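Participant: Just a sequence and a predicted model for now, questions to come.
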Amino acid sequence: MATTRTATTQWKGALLDGSGQVSLDTSGVGTFDVSWPSRAEAANGKTSPEELIAAAHSSCFSMALSHGLAQAGTPPQTIETKADVTFQPGEGITGIVLSVRAQVPITAEQFQEAAETAKANCPVSKALAGTIISLNAELLG
């Protein structure tokens with residue numbers, strides 16, 4: 001069964017001096033201010049499309065990795081994934097770096113393989129296939 005998730009942005013003004021709010025409609029967990037300066041300069045308490053992409057990618061990747069490890073018979077104790085999405089004004093999103101640290105009873109080589117598989121198969125990674133996505137995987141002892 002397919003699911004659809006919805007967010008809505010209300011924007012006022014031109015790009016450089018305007019601002020808006022994005023609401024997470026499906027979950028109802030919040031409404032967040034957005035602006036060009038928060039995207040291209042300092043965040044100043046506002047979010048950006050790139051930060052929202054980072055949130056989606058880090059959570060999706062963590063879920064995919066957890067699922068893959070559990071299917072292999074080695075469920076993780078913990079997974080922490082950080083996604084850094086780089087935005088260059090005039091060019092767009094120029095890259096994403098996923099950094100993952102996890103506690104799981106496997107070798108570093110097995111963990112690297114599981115992390116690469118999760119990166120390749122996570123639905124958000126697939127949706128962002130036009131962007132260079134790098135991976136740093138660290139197995140915690």
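Facilitator: Looks like it arrived, so ask away.

Participant: center of the protein, which residue is that?
Facilitator: By Cα atoms, centre = their mean, the chain has its centre lying nearest to H57, at 2.2 Å.

Participant: Let me see the contact set for that one.
Facilitator: H57 makes contacts with A83, V85, I96, L98, C122, V124, S125, L128, as judged by Cβ atoms under 8 Å, 6 or more residues apart in numbering. In this view, the C-beta of every residue, glycine as well, is placed from N, C-alpha and C.

Participant: try it again with 10 Å
Facilitator: Taking Cβ atoms under 10 Å, 6 or more residues apart in numbering, we find H57 in contact with 81-85, 96, 98, 119, 122-125, 127-128, 131, 133.

Participant: residues contacting the residue lying closest to G141 once chain neighbours are set aside?
Facilitator: Using Cβ to Cβ, 6 or more residues apart in numbering and skipping residues adjacent in sequence, the residue nearest G141 is Q103, 7.9 Å away. Contacts for Q103 (Cβ under 10 Å, 6+ apart) come out as P76, Q77, T78, I79, E80, L139, L140, G141.

Participant: Going by neighbour count, which of those are buried?
Facilitator: For the contacts of Q103, a burial check counting by 16 or more other Cβ atoms under 10 Å picks out P76, I79, L139.

Participant: Can you lay out these as CSV showing distance to A2?
Facilitator: Output for the buried ones among the contacts of Q103, formatted as CSV (distance: Cβ to Cβ, whole Å):
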residue, distance to A2
P76, 28
I79, 26
L139, 35
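
Participant: Could you give the number of residues near P123?
Facilitator: 13 (other Cβ atoms under 10 Å).

Participant: who touches it in this structure?
Facilitator: When contacts are counted by Cβ under 10 Å, 6+ apart, P123 touches A56, H57, C60, F61, M63, A64.

Participant: which among the residues you listed gets closest to V22?
Facilitator: Using Cβ to Cβ, A56 is the member of those that lies nearest V22, at 12.6 Å.
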